[in-house]
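K.L.:
pasting the structure only:
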């Protein structure tokens, strides 16, 4: 098996209802992961790229969140309709989809 060019992590963190941080599952990340899997299958991307589910990767209130490595690019509020852009522009084209970036202050130190 050759090393994948990029790794795509889709957050599937789940928390109890009413949790103050929220979670990506409640915002549709399971359907998002399945749609990514279907797109990878249809476009024969398995092996060239890796796709996996993961736990919390950041700003839960902005989920569903997706992280692409090795660049370390995080996308927030990703919807199924955004998958083609992520695949075409970022994975295949090497150009991140800036409209899906979180706001610059998402990592503020005010906790």
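P.N.:
In hand now; what should we look at? As the structure is a prediction and not an experimental result, all values here were calculated from the model.

K.L.:
can we go C-alpha only for contacts and neighbour counts from here?
P.N.:
OK.

K.L.:
quick one: residue 99 and residue 82, what's the gap?
P.N.:
10 Å (Cα to Cα, to the nearest Å).

K.L.:
Now do the strands in this structure.
P.N.:
Using DSSP state E, the strands found in the chain span residues 6-11, 49-54, 66-69, 73-75.

K.L.:
could I get these as a markdown table with mean neighbour count?
P.N.:
Conversion of the strands of the chain to a markdown table gives the following (neighbours: other Cα atoms under 10 Å):
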| stretch | mean neighbour count |
| --- | --- |
| strand 6-11 | 23 |
| strand 49-54 | 16 |
| strand 66-69 | 20 |
| strand 73-75 | 20 |
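
K.L.:
For residue 31, find the nearest of those.
P.N.:
strand 6-11 (10.5 Å; Cα to Cα).

K.L.:
top helix in this structure by residue count?
P.N.:
In terms of residue count, the longest helix belonging to the chain (DSSP state H) is helix 29-42.
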